[in-house]
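[1] model this:
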Amino acid sequence: MTLRCPLCLSTLSTPCQLPCVHAFCKSCILDSLRRSPHCPICKLSFGRRSVTECPALEKVVFAYRSVCKSFGVAPTVWTDESFLTQPPVEDPYEEDEGGDATMSQREEELKASEALKRGLQRKMEEEGESARLNVLLRQQERIVKCNEKTREGMEKGMEKGMEKGMEKGMEEEEEEEVVEEEEEEKEEEEEEEE
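    A predicted model of the protein is given here:
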């Protein structure tokens, strides 16, 4: 997840999400949906009522801004290529404190930074666990399908085996009947000869 709006390319301001879970600045997405009722990213169709504010993301953005402020950089566009080497710039969403930050403010910012780090680590662990569970689920589905095919094959084999067994049994019975008839005929012939 990125903390930048894909429409204005700035740090999210009043973060909002669509049901497709894409995040935008509130004003950016409302303006976009006014022009076209589709998510600008995935093109799924949504109305303005689908836009929901995201307080959890707002907290992450706040923590990000605090970290940026503590390092003296502006929370603006931050891509994979950019580093935190920008000169300090005023954040338009931040109130003027009227002076340098005190030690307690720095400690608060550090706590916010650590909380952000822990939250992101937890999120990454959850996503990793979710991916592992999906892999296990797919493997289990394959095993179930394989077991079903094996069971079907065994049933077909048993049916064929039973049919062959029945045919063989019937042939043996017929042979036994023929042998019995022949023996009876011999006995009758022997009795007649006597």
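[2] tell me the average confidence for stretch 123-133?
    Regarding stretch 123-133, the rounded mean pLDDT is 74.
[3] can you check stretch 164-175 too?
    Mean predicted lDDT for stretch 164-175 stands at 74.
[4] Centre of the chain to that stretch, how far?
    In terms of CA atoms, centre = their mean, to the nearest Å, the centre of stretch 164-175 is found 57 Å from the chain centre.
[5] Can you show me the helices along the protein?
    Using DSSP state H, the helices of the chain run over residues 26-35, 55-70, 103-193.
[6] Can you lay out those as JSON lines showing distance to Leu3?
    All C-beta spots, glycine's among them, are computed from the backbone N, C-alpha and C. Converted to JSON lines, those look like this (distance: least, CB to CB, whole Å):
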{"stretch": "helix 26-35", "distance to Leu3": "14"}
{"stretch": "helix 55-70", "distance to Leu3": "5"}
{"stretch": "helix 103-193", "distance to Leu3": "10"}
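[7] most tightly surrounded among the ones you listed?
    Ranked by mean neighbour count, the helices of the chain are led by helix 55-70 with a mean of 18 (mean count of other CB atoms under 10 Å).
[8] gap between that helix and the chain center?
    Here the centre of helix 55-70 is set off from its chain's centre by 27 Å, with CA atoms, centre = their mean.
[9] orientation of that helix relative to helix 103-193 in degrees?
    140 degrees (axes from the mean of the first three to the mean of the last three CA atoms, to 10 degrees).
[10] For Gly47, find the nearest of the helices of the chain.
    Smallest distance to Gly47 across those (CB to CB): 7.1 Å, for helix 26-35.
[11] Domain parsing of the protein, as residue ranges.
    Here the domain parsing of the chain from automatic domain parsing is 1-77, 101-179.
[12] ranking those domains by mean pLDDT, which is last?
    Taking the mean pLDDT of the domains of the chain, domain 101-179 comes last: a mean of 74.
[13] Endpoint to endpoint, stretch 7-19 covers what distance?
    Stretch 7-19 has an end-to-end distance of 17 Å (criterion: CA to CA, to the nearest Å).
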